[in-house]
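Enquirer: here you go, sequence then predicted model.
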Amino acid sequence: MTHKFKGKKILVTGGAAGLGRAYALAFSAEGGHIILADINDGGMALVKAEVEAQGGSAEWHHCDMADEAQIAALGAAVCAAHPKLDVLINNAGLHLGEIARGFFGLGQAKWQHFFAVNTIAPLLLAEALRPALKAAKGVIINKSSMASYQPQTAYGITKAALNILTHAMAAQFGADEIRCVAIAPGLMATEAAERGVESDNWERIKAMQSVKRQGTAQDIANLGVFLASEEGSFINNQVILCDGGNAMRGFRM
Ligand SMILES: NC(=O)c1ccc[n+]([C@@H]2O[C@H](COP(=O)([O-])OP(=O)(O)OC[C@H]3O[C@@H](n4cnc5c(N)ncnc54)[C@H](O)[C@@H]3O)[C@@H](O)[C@H]2O)c1
């Protein structure tokens, strides 16, 4: 490792498991201090212990991304403790179950909840953290999905909206020299995906890829580290697919 994030601060939402855990371990391996935010306190405590076991440092904060007051409180606490925040990874998301089964028959409360967590929270948290991101000339990485390119589910629709929001955020936050990009993964092997995606879909989706192997959480963490690093610092205002060249640019569950 080159320790390219030594002395830098990285906040990962949804950091208690899956892709969020992979970002935490990857940025920590590069020397960064990890700030986890999630509703799963036990998961965050385990990830913090894993980060420390590899010689890194981490802290965790309970925060429900559907709750504006909790997001504001998290932003204030992080800005007070860390006047410079180098990387915000808006990774927390709802992606399995009802949100991934279409978009008819969902009432207003469900739609509002899905959009609150998947689309609006990334903006509200970035706004709350703007002073610290500005001080570091930091980068915001939103977590989209391949499903945003074929939004046949409420999930895909929330992520398609997040893609557009990423472009708007790049313009608005760019005034403070804060970059904003998004990563759109294909189907990646995380425990949640393994629990929630039916077994037939794994081979079907792999068959649509030009790269015929299973995508992993490490693939996504590697891309996040690159985009946030000095080597990726001329990349802004982009949604970057990491899906093994999936021909369909989407999937249905
Ligand atoms: N795994 C995949 O194949 C895949 C593909 C494309 C996009 N994504 C996106 O990547 C992200 C992570 O996916 P994952 O596979 O690691 O899933 P995951 O379910 O393991 O992780 C999601 C995390 O978000 C947290 N979370 C959920 N609701 C929250 C809330 N209201 N407030 C705070 N935290 C909350 C969960 O506790 C969990 O730790 C999601 O945004 C998902 O949409 C995943």
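Expert: Received it, and whenever you're ready, just let me know what you need. Keep in mind that what you see is a predicted model, and the values were worked out from it rather than measured.

Enquirer: in stretch 59-78, what counts as buried?
Expert: Under the neighbour-count criterion of 16 or more other CB atoms under 10 Å, stretch 59-78 has 59-61, 63-67, 70-71, 74-75, 78 buried. C-beta: built from backbone N, CA, C; applies to glycine.

Enquirer: again with stretch 125-139
Expert: Neighbour-count burial for stretch 125-139, with 16+ other CB under 10 Å as criterion, is recorded at 125, 126, 128, 129, 130, 132, 133, 134, 136, 138, 139.

Enquirer: residue at max distance from the center of the protein?
Expert: Relative to the centre of the chain, the most outlying C-alpha is that of residue 105, 27.6 Å out, by CA atoms, centre = their mean.

Enquirer: please tell me how far that one sits from residue 154.
Expert: Residue 105 sits 10 Å away from residue 154, going by CB to CB, to the nearest Å.

Enquirer: ok, now residue 56?
Expert: Residue 56 is 36 Å from residue 154, by CB to CB.

Enquirer: got the residues of the stretch 1-150 of the chain near the ligand?
Expert: 14, 16-20, 38-40, 43, 63-66, 91-95, 117, 143, 145 (CB under 6 Å from any ligand atom).

Enquirer: excluding chain neighbours, what is closest to residue 163?
Expert: Nearest residue to residue 163, sequence neighbours excluded (CB to CB, 6 or more residues apart in numbering): residue 239, at 4.8 Å.

Enquirer: got the contact list for the one you found?
Expert: Contacts for residue 239 (CB atoms under 8 Å, 6 or more residues apart in numbering) come out as 144, 148, 163, 166, 181, 182, 183, 184.

Enquirer: of the residues you listed, which is the most crowded?
Expert: Per-residue neighbour counts (other CB atoms under 10 Å) across those peak at residue 144, which has 29 neighbours.
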